[in-house]
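# only geometry, no sequence info:
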């Protein structure tokens, strides 16, 4: 009606309001029931409220507590929700670090857009996390315990009270920090067999994502509906579903992580490190995935120790391609990567009635995932020579409570 | 380990614990801002908690209030959530009625299963709603105001504090009741033109559902990701998206409602009332959809007043089929149906650069949706002759506060 829309406030981490907890919680020991529960958070959390009329309110770091949510809220009915998975690392140089946090910030903004939730300047996410960890870092990741980490969960939800099926008019961004078991500490269930995931190839009656859908965004809507297949796989003794797509059963991703395979190319005979392409928007563009590709491209184009050079390739391939390579003994190794699983080898893939051992044929030539993992760890934990890698974002100014 | 799993408690409406509100809210007037907000609930709500270890706890009817939800809860991250849309009607015989509530109960159980949430005996849902409306009915739907209704929203969410991507170990079933604007009261935006929805045919780059997905279940995950396309359609002046699927652009559903068309069959020349088939599991099996089909099959196989008999058909058809019928003047009328929209005529469908008026060619032969709507209303509101229709579930024993 001729009126000028007022400009909406931007999310501004520097305006954060801090309220300290007066009732600090016990920090759980590594391997304790609390840690294994994935439900025990640190003393504080970040919250920031957005409204369609005013934009972002000043964010807060405040004592961790339950959220008060209207029963009519959009997030409870229409899955207007998205999240990120990150970690904060206590380095061997005593510093706290995030790993490429702007990649997560940018992806959260993309996911928010796909969910009709508000955007923000993505750099603000790492700044808010820094505010949280300046307070919770000293107690929850003690300086004298390098090599430990906390799992971080930034999330955004449609939090307003409007039950109509419409773009949310209110939203809440929050960040919590959770002690998390170290996946590297997980033992094999068969003595003498190296640890590795067992993947169950999905059946055509269940698909995770489709073209024109939202498989590329980290929406809640990609996870809940996948749990039926996930539970069935777990009941059969598998760790994750290997999600296939299409009549030719293209490989997409494994559970909540990206899939990699190192094999000998049938035509060229050369070694390739391969992962599915992002082109059709079915697959989550993982930050670890991207980092693995970048490291492999720069550091594995020539031999490293006993590891032969590899071509690094993003392309479409099918479960039949894997099966053929397995039959012909061309598989060197396979692994998944993601924030929660980090870089974890794959031991076995079941496709229908065929069980393919991924750690047999290539054992002598394998070791790529271990090498990549140690490069990444060195960056994450500020190990010797990697203290100032550009992927490590150092959080300064920790404040003892 | 040889131990016998304890049997989990069933959901039992008869065990309900009632806590009355001591602070009753004002009942909003029809057409008021409160009613139009879709966010103002009645005085009480139903809640029932489930845990994987014990099953269902005794349900409660208690004062309406915000839910206290752990920031780690599954429903906020993984969209472990599903819901139903229902209404409660104040009849012209003074009675409160639900419409085929067991259909909704059964569908909620199916949706819960698809979301890895717990099941229950579906009849318990209507019994819990009856408990709620026995208390809130007298004030919120006064006996001397027949023809009014409240919107009911049963929902189930994964409510436990476990952040791991896994089947929820805790869940909350709740039911709220919301004053809702009457869609029949909505006026046209062009004087002299009868009211009808304007639908915008979806583009191939946005797909609502896919075979092997979950389009047939009422999951939150079907709604949030559709809001981007919905908002874009609204910004162009349309009411809903007409969701198409596949290379041949099959018609599936319209926004959050089912799609019907009455046209002259090209081959036989006979009149058909057609709706997309449920076979490929892309489409929500609407309770209103099913009721429209059943009424049309029994009551429209012969002429009714000026309405000629129609064949009632569930089949696959495409937007091109509609466009051809429109060009050839074979369309009699089109409408959507669902609980929120009830039975609402469609005025226009835009497919690319073609605007198809649905109320032109067939105007003289139209009237099917109006007829079906009045049959349904008679059952819902217990009008003369339909006081004991089997689709009406009467709620007795209302208690004045």
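It's in. All values reported here derive from a predicted model rather than from experimental measurement. Numbering: from 1, shown residues only, chains lettered A, B, ... in the order given.

# wait, residue A:349 touches residue A:356, no?
Yes: assessed by Cβ atoms under 8 Å, residue A:349 is found in contact with residue A:356 at 4.8 Å. C-beta here means a position set from N, CA and C on the backbone, and glycine is covered the same way.

# show me whatever sits in contact with both of those two.
residue A:322 (Cβ atoms under 8 Å, 6 or more residues apart in numbering or on different chains).

# what about those two, which has more around it?
residue A:349 (27 against 22; other Cβ atoms under 10 Å in any protein chain shown).

# element containing that one?
Using DSSP states H and E, residue A:349 sits within strand A:342-351.

# packing partners of that strand?
strand A:197-201, helix A:287-299, helix A:319-327, strand A:331-338, strand A:354-357, helix A:368-380 (3 or more Cβ pairs under 8 Å, 6 or more residues apart in numbering or on different chains; DSSP states H and E).

# please identify the deepest-packed of the ones you listed.
strand A:331-338 (a mean of 26; mean count of other Cβ atoms under 10 Å in any protein chain shown).

# may I have the strands that pair with that strand, each with its orientation?
Sheet pairing of strand A:331-338 (DSSP bridges) gives strand A:257-264 (antiparallel), strand A:342-351 (antiparallel).

# mind listing what's buried along stretch A:36-53?
For stretch A:36-53, burial by neighbour count (16 or more other Cβ atoms under 10 Å in any protein chain shown) applies to A:37-51.

# just confirm yes or no for the lowest-mean-pLDDT helix or strand in chain A near chain B.
Least confident helix or strand, chain A: helix A:33-36 with a mean of 92, by mean pLDDT, DSSP states H and E. No: on the criterion Cβ under 8 Å from any Cβ of the partner chain, helix A:33-36 is out of touch with chain B, staying 9.4 Å away.

# now find how far off-centre that helix is within its chain.
20 Å (Cα atoms, centre = their mean, to the nearest Å).

# mind listing what's buried along that helix?
Result for helix A:33-36 [16+ other Cβ under 10 Å]: buried residues residue A:35.

# what does the next helix or strand after it contact?
The helix or strand immediately downstream of helix A:33-36 is strand A:44-51, counting by DSSP H and E. Residues from elsewhere that reach strand A:44-51 (Cβ under 8 Å, 6+ apart): A:11, A:16, A:20-21, A:56-65, A:118, A:128-129, A:131-132, A:135-136, A:154, A:159-160, A:169-177, B:71.

# can you name the next helix or strand after strand A:44-51?
strand A:55-56.

# pLDDT on that following strand, on average?
Regarding strand A:55-56, the rounded mean pLDDT is 98.

# give me the residues contacting that strand.
Contact partners of strand A:55-56, identified using Cβ under 8 Å, 6+ apart, comprise A:7, A:8, A:9, A:10, A:11, A:12, A:48, A:49, A:50, A:118, A:120.

# from residue B:330, how far out is residue A:104?
54 Å (Cβ to Cβ, to the nearest Å).

# higher neighbour count, those two?
Legend: neighbour count by other Cβ under 10 Å for residue A:104 and residue B:330, higher for residue A:104 (24 against 19).

# adding mean pLDDT, write the helices and strands packed on strand A:342-351 out as TSV.
Formatted as TSV, those follow (pLDDT from 0 to 100):
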stretch	mean pLDDT
strand A:197-201	97
helix A:287-299	98
helix A:319-327	98
strand A:331-338	97
strand A:354-357	97
helix A:368-380	97
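
# and those as a markdown table, adding distance to residue A:83?
Putting the helices and strands packed on strand A:342-351 into a markdown table (distance: least, Cβ to Cβ, whole Å) gives the following:
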| stretch | distance to residue A:83 |
| --- | --- |
| strand A:197-201 | 22 |
| helix A:287-299 | 13 |
| helix A:319-327 | 29 |
| strand A:331-338 | 13 |
| strand A:354-357 | 32 |
| helix A:368-380 | 20 |
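
# next SSE downstream of the longest helix seen in chain A?
Identified as the longest helix of chain A according to DSSP state H is helix A:123-140. Using DSSP H and E, the helix or strand that follows helix A:123-140 in sequence is strand A:149-158.

# so which other helices or strands are in contact with that following strand?
The helices and strands touching strand A:149-158, judged by 3+ Cβ pairs under 8 Å, 6+ apart, are helix A:74-77, strand A:81-83, strand A:86-90, helix A:101-114, helix A:123-140, strand A:170-179, helix B:74-77.

# okay, the ones you listed in JSON lines with distance to residue A:364 next?
JSON lines is the format used below for those (distance: least, Cβ to Cβ, whole Å):
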{"stretch": "helix A:74-77", "distance to residue A:364": "51"}
{"stretch": "strand A:81-83", "distance to residue A:364": "41"}
{"stretch": "strand A:86-90", "distance to residue A:364": "33"}
{"stretch": "helix A:101-114", "distance to residue A:364": "35"}
{"stretch": "helix A:123-140", "distance to residue A:364": "42"}
{"stretch": "strand A:170-179", "distance to residue A:364": "38"}
{"stretch": "helix B:74-77", "distance to residue A:364": "42"}
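
# could these go into TSV alongside distance to residue A:298 and mean pLDDT?
Shown next, in TSV, are the helices and strands packed on strand A:149-158 (distance: least, Cβ to Cβ, whole Å; pLDDT from 0 to 100):
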stretch	distance to residue A:298	mean pLDDT
helix A:74-77	41	98
strand A:81-83	30	98
strand A:86-90	22	98
helix A:101-114	17	98
helix A:123-140	24	98
strand A:170-179	31	98
helix B:74-77	34	98
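
# mind showing which ranges of chain A have poor pLDDT?
A:1-6, A:186-194, A:401 (pLDDT under 70).

# can you spell out the domain ranges of it, please?
A:13-181, A:197-366 (automatic domain parsing).

# which stretch among these comes nearest residue A:391?
Residue A:391 sits nearest to domain A:13-181 of all these, at 4.9 Å, using Cβ to Cβ.

# gap between the two ends of the closest one?
Chord length of domain A:13-181, first to last residue, is 29 Å (Cα to Cα, to the nearest Å).

# name the nearest residue to the residue most central in space within chain A, sequence neighbours excluded.
Taking Cα atoms, centre = their mean, the centroid of chain A lies closest to residue A:339, which sits 3.6 Å from it. Closest residue in space to residue A:339, ignoring its immediate chain neighbours: residue A:85 at 4.0 Å, by Cβ to Cβ, 6 or more residues apart in numbering or on different chains.

# got the residues of the stretch 201-350 of chain A near chain B?
So far as Cβ under 8 Å from any Cβ goes, the stretch 201-350 of chain A lies against chain B at A:204-207, A:210-214, A:219-225, A:227-228, A:230-231, A:255-256, A:340.

# of these, buried ones?
Among those, those buried by neighbour count (16+ other Cβ under 10 Å) are A:206-207, A:210, A:212-214, A:219-225, A:227-228, A:230, A:255-256, A:340.

# contact partners for residue A:105?
A:84, A:122, A:123, A:124, A:125, A:126.

# and it, how far from residue A:55?
The value you get for residue A:105 to residue A:55, if Cβ to Cβ is used, is 18 Å.

# what sits against the residue of the stretch 301-401 of chain A found nearest chain B?
Distance from chain B to each residue of the stretch 301-401 of chain A (Cβ to the nearest Cβ) is smallest for residue A:340, at 7.8 Å. Residues in contact with residue A:340 (Cβ under 8 Å, 6+ apart) are A:85, A:151, A:180, A:183, A:256, A:257, B:165.

# I'd guessed the last one sits against residue A:255; true?
Yes: counting by Cβ under 8 Å, residue A:255 is a contact partner of residue B:165 at 7.4 Å.

# returning to what we had before: right, and the helices and strands packed on strand A:149-158 - which one's nearest residue B:320?
Per Cβ to Cβ, nearest to residue B:320 of the helices and strands packed on strand A:149-158: helix A:101-114, 29.1 Å.
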